[in-house]
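>>> after the sequence you'll find the predicted model.
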Amino acid sequence: MAGKGIRLRSILFVLLLGSLGAASLVWLRSYQASLEREEALRLSQQGHFAEAEAALLRAYARNGTDVDCVRALSLGYMTAARDPEAAVYLARWCELQPDLPEPHRQRMEWLERHESLAEAAAEGERVLELDPADTQLQKRVILMHLKEGRYAEVERLSRRFLERQPGHPGLVYFLAEACHGLGKNEEAAALLDPLVALEPGYAAPPMLRAILYCEANQEAKAIPLLRRVIALDPSSKTAHYHLAQALARVGHSAEAEREKAEYLRLEEFERLLTDVRLQPGNLELQIKGAEAFLQRGQKDEATRLLRRVIAQDPANQAARRLLEER
């Protein structure tokens, strides 16, 4: 009997050691996973997302509510321009932290980059609910709506933001633009007249007020405002166009032709810049763009294009000559 008791105790001891070993192994694996996660977060914070990615994904697979890993994956994929992956983790981040501005701000950036302006504006409004003092974001959200002609949304937001910032010139102007878009021209004019008088360096109010005058067949009142806009912004294609039209209607044909010619020159320059942007490998076109910039006195832009040409074709003499003469 004594021998059986000893054998039983031995078996129990072995089983205990085995269970302790299994528990130790589980603890060790958990500890190693924790260390790997912390190292991955550290690497991602230091800008080494490629090295951290696999470990972050493993950490997220173990715990789908790990906000730190979701944040790191979102920002990492955003920075790497891996947009499909970024979309997944940005959406998850917003789900996990709906009451923090950062995830919604980052998702807004992603949506705006992809021209999903209605959704981007919605995310921007969510950020503004959480951080209402962000005046720069107010402007961005309003501009998103303006780009797609959603004037009712612009009016709603402008009035809402003006409650916190009464008389803010930018918001008053946006409200006037919304009113114009909605056909409320009298209200738009009433909003613009004080801005035109009180903000002499602000080109947008006199531009819109001049358009309202032109639409009301009051070109004589529009012309001095359009000249003011051109003095503030000589490259304003819209101002040159409307000034040419207004001058022609009041019988100043020669000046109207000069303004029309300037409008057409600016239009041609704009088309050239579009072609330059869309065809970076067309070196002849890049040089032509640089010459146009030099004619306008924009030396920095010309230099940027010429250096791009030389980087692609170090022996390009035309680019080197312009770079030396600029």
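Received the coordinates, thanks. Remember, predicted model here, so these are calculated numbers, not experimental data. Numbers count the residues shown, from 1 in each chain.

>>> was I right about residue 153 contacting residue 122?
No: if you go by Cβ atoms under 8 Å, residue 153 and residue 122 don't touch, sitting 10.0 Å apart. (Each C-beta comes from the backbone N, C-alpha and C, glycine too.)

>>> which one's more surrounded, the two?
Just comparing residue 153 and residue 122: by other Cβ atoms under 10 Å the higher neighbour count belongs to residue 153, 19 against 16.

>>> give me the secondary structure label for the more buried one.
Under the three-state scheme (DSSP: H, G, I helix; E, B strand; the rest coil), residue 153 adopts helix.

>>> for the residue nearest to it when sequence neighbours are not counted, give me its contacts.
Of all residues not flanking residue 153 in the chain, residue 145 sits nearest, at 4.3 Å (Cβ to Cβ, 6 or more residues apart in numbering). Residues near residue 145 by Cβ atoms under 8 Å, 6 or more residues apart in numbering: 117, 121, 151, 153-154, 157.

>>> pretty sure residue 182 is touching residue 153, no?
No: Residue 182 lies out of contact with residue 153 (Cβ under 8 Å); the separation is 10.9 Å.

>>> tell me the secondary structure for residue 246?
Assignment for residue 246 (three-state DSSP): helix.

>>> next up, the contacts around it.
Contacts for residue 246 (Cβ under 8 Å, 6+ apart) come out as 210, 214, 219, 222-223, 226.

>>> now tabulate the residues you listed in a markdown table and tack on distance to residue 267 and pLDDT.
Conversion of these to a markdown table gives the following (distance: Cβ to Cβ, whole Å; pLDDT from 0 to 100):
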| residue | distance to residue 267 | pLDDT |
| --- | --- | --- |
| 210 | 19 | 98 |
| 214 | 19 | 97 |
| 219 | 22 | 97 |
| 222 | 21 | 98 |
| 223 | 21 | 98 |
| 226 | 17 | 98 |
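
>>> go through those and name the one nearest residue 190.
residue 210 (15.7 Å; Cβ to Cβ).

>>> how far away is the closest one from residue 140?
26 Å (Cβ to Cβ, to the nearest Å).

>>> and the two? which has more neighbours close in?
Neighbours were counted for residue 210 and for residue 140 using other Cβ under 10 Å; residue 210 has more, 28 against 17.

>>> pLDDT weak spots in this protein?
1-28, 31 (pLDDT under 70).

>>> about what we covered before: of the contacts of residue 246, which belong to helices?
Mapping the contacts of residue 246 onto helices (DSSP state H) picks out 210, 214, 219, 222-223, 226.

>>> what does residue 296 show for phi and psi?
phi -90, psi 0 (degrees, to the nearest 10).

>>> against residue 242, how distant is it?
22 Å.

>>> same question, residue 253
16 Å.

>>> tell me which of these two has more neighbours.
Neighbours were counted for residue 253 and for residue 242 using other Cβ under 10 Å; residue 242 has more, 24 against 10.

>>> measure how far the strand or helix carrying that one is from the centre of its chain, please.
Element membership for residue 242 (DSSP states H and E) is helix 237-249. Offset of helix 237-249 from its chain centre (Cα atoms, centre = their mean, to the nearest Å): 32 Å.

>>> with stretch 79-89 instead?
16 Å.

>>> pull out the buried residues from it.
By neighbour count on 16 or more other Cβ atoms under 10 Å, the buried set for stretch 79-89 is 85-87, 89.

>>> mind checking which of these land in helices?
Under the assignment DSSP H, the buried residues of stretch 79-89 contribute 85-87, 89 to helices.

>>> go through those residues and name the one nearest residue 202.
Among those, and counting by Cβ to Cβ, the member closest to residue 202 is residue 86, at 37.4 Å.

>>> count the neighbours of the residue nearest to that closest one when sequence neighbours are not counted for me.
Distances taken as Cβ to Cβ, 6+ apart place residue 77 nearest to residue 86, at 3.7 Å, with adjacent residues excluded. The local packing of residue 77 (other Cβ under 10 Å) involves 21 other residues.

>>> and the host helix or strand of residue 77, what other elements does it pack with?
Per DSSP H and E: residue 77 is located in helix 67-79. Helix 67-79 sits against helix 2-45, helix 49-62, helix 83-96, helix 101-113, with contacts defined as 3 or more Cβ pairs under 8 Å, 6 or more residues apart in numbering; DSSP states H and E.

>>> residue 104 and residue 153, how far apart?
If you go by Cβ to Cβ, the gap between residue 104 and residue 153 works out to 18 Å.

>>> over to residue 199?
Counting by Cβ to Cβ, the separation of residue 199 from residue 153 is 24 Å.
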